[in-house]
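> Provided below are the primary sequence and the corresponding predicted coordinates.
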Amino acid sequence: MDSPSVRHSKRIFELDALRALAAINLMMFHYTHFYSVKYGYSSPLGFEFPYGKYGVQLFFMLSGVVNAMTILRKRDAVVFLQSRFLRILPCYYIVLLLNLLLLGCWPLTLNPPWSWPQFLANLTVMPNLLGYACLEPVTWTLQVEVLFYLILVVLFLSGGLRRPVPTILVGLAICWAGCWLTDALDIQRTAEPWKLVINTLRQLLILYHFPLFAVGILIHELWQRDQQTPENGHALTPEVWMQRNLDVFLAIIAALVVFHATDRFGHNPGVSVGFTVLVGMSLYRRVPILRWRPFVFISSISYMLYLLHNNLGAVYIGWLNQTVGLPPWVCFALALPSIVLLATAATFTLERPLTSWLRNGLSRAARIEERRVRSPVMEGPR
């Protein structure tokens, strides 16, 4: 199943595999239920996978774990943000330009028609915050992700991540009170300026999504505590371990309660609990099936798969179905491997070389600046 290099690597491949599962979930959702509702196959597909929201839920939980781990390991907010933006922005902008071509040439995705102000708003990665729709609909999650990075940096710089449990509890209280207050104001204040203020507040503070990131941060806190050497060098008994980590478990329960108390999309609480357990077990490397090589591979191309699969996949399915005349199930069966192959090519010929080139350029610039600062500065005539 998994190679020796995967089994013995320090990298936690199970977490990568969860990202792969989230990406596969979104592809299944967009090529079945979403496509059928928004565009329509020429005849019924015969099956649907209407669970796209759960891929997003899993991704946000996973992001909480991975980014808490990353910023605490780097111990530098600037380096953390630099690495995150180098990872997501260059390819995002390239795919944004690709979407202009798609939206201009294939009217399938022209709903509603795009505009230059909308395009400029998309360049910020936060078009929804500015009142515009995403040119690539799936990238609404990227806005949430970037706002989470900024919130995480604030928590890191303020020292909140040194005591994550009370910090998270304060954040959850803000989410619950904020959702209740903004919902009440939304009902009572119907004037457009008030709606704009309310919507901006919700999005800036990621009120509906922060509890999911909080679950991930708390799972990481549980794991980080276990990395410390137990007293007297002996393993803790289950009773002592549970007592030691009771505050974390209670905070995780609080995060799930707040998420479902403010949830607008009907997530199943049982799925939330299951995802929490799955992410935790994956962090502890207790789900060996997730080290299966296909999962590891899909995780390696997951970002380009995320960026490319929706609009491009819709155009491809529409061409196969409406122009070529293939049955819906054949279009679906062809779209999955085709977009995976395209994402693979884009990852290894575009994303990785571009990211590596930019990182090397920044490293060279940093070394040059460091030498310049360290070298003596001669002032005045010799």
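Cool, the structure landed.

> Under the pLDDT cut-off, which ranges of the stretch 51-200 of the chain? List them.
Within the stretch 51-200 of the chain, the ranges that satisfy pLDDT under 70 run 107-112, 187-192.

> In it, mark out all the helices, start to finish.
52-74, 77-105, 116-123, 140-157, 164-188, 192-204 (DSSP state H, counting those that start in this stretch).

> who touches the fifth one?
Okay, so that is helix 164-188. Outside of helix 164-188, the residues that reach it under the criterion Cβ atoms under 8 Å, 6 or more residues apart in numbering are 68, 155, 160-161, 194-195, 198, 201-202, 205, 207-208, 210-211, 214, 217-218, 221, 247-248, 251, 254-255, 258, 261-262. Heads up, the C-betas are built off the backbone N, CA and C, glycines and all.

> ChimeraX command to pick out the buried ones of these?
Selecting the buried subset of these in ChimeraX, with 16 or more other Cβ atoms under 10 Å as the burial test, is done by:
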select :68,155,160,161,198,202,205,207,208,210,211,214,217,218,221,248,251,254,255,258,262
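
> Now do the spatially closest residue to G64 that is not a sequence neighbour against L354, distance only.
Excluding the flanking residues, the one nearest G64 by Cβ to Cβ, 6 or more residues apart in numbering is G216, at 2.1 Å. As judged by Cβ to Cβ, to the nearest Å, G216 and L354 stand 28 Å apart.

> Could you check which of those two is surrounded by more residues?
Set G216 next to L354 and count neighbours by other Cβ atoms under 10 Å: G216 wins out with 27 against 14.

> Per-residue confidence, that one, what does it come out as?
Note on G216: pLDDT of 97.

> Hmm, S63 and it touching each other?
Yes: in this structure, G216 is within contact of S63 by Cβ atoms under 8 Å, at 6.3 Å.

> re earlier: and the helices of the stretch 51-200 of the chain as a markdown table, adding distance to V277?
Shown next, in a markdown table, are these (distance: least, Cβ to Cβ, whole Å):
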| stretch | distance to V277 |
| --- | --- |
| helix 52-74 | 11 |
| helix 77-105 | 27 |
| helix 116-123 | 37 |
| helix 140-157 | 22 |
| helix 164-188 | 18 |
| helix 192-204 | 29 |
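
> Deepest in the core, which of these is it.
Neighbour counts (mean count of other Cβ atoms under 10 Å) averaged over each of those peak at helix 52-74, with a mean of 21.

> So which elements touch that one?
helix 13-29, helix 77-105, helix 140-157, helix 210-227, helix 269-283 (3 or more Cβ pairs under 8 Å, 6 or more residues apart in numbering; DSSP states H and E).

> Counting neighbours, what do you get for G280?
Neighbours of G280 (other Cβ under 10 Å): 21.

> residues contacting it?
With Cβ under 8 Å, 6+ apart, G280 has these contacts: I219, L222, W223.

> Out of those, which comes closest to Y92?
Distance to Y92, by Cβ to Cβ, is smallest for I219 among the contacts of G280, at 27.4 Å.

> So what's the predicted local confidence for the closest one?
pLDDT, read off for I219, is 97.

> Give me the spatial nearest neighbour of it, chain neighbours excluded.
Nearest non-adjacent residue to I219, counting by Cβ to Cβ, 6+ apart: G280, 4.9 Å away.

> how close does the one you found get to Y93?
35 Å.

> can you check L172 too?
34 Å.

> Which residue ranges of the stretch 251-382 of the chain form helices?
Under DSSP H, counting those that start in this stretch, the stretch 251-382 of the chain gives helices at 269-283, 293-300, 302-318, 328-346, 352-374.

> looking at the ones you listed, which is closest to Y39?
Per Cβ to Cβ, nearest to Y39 of the helices of the stretch 251-382 of the chain: helix 302-318, 6.2 Å.

> Give me the mean pLDDT for the closest one.
Helix 302-318 comes out at a mean pLDDT of 94.
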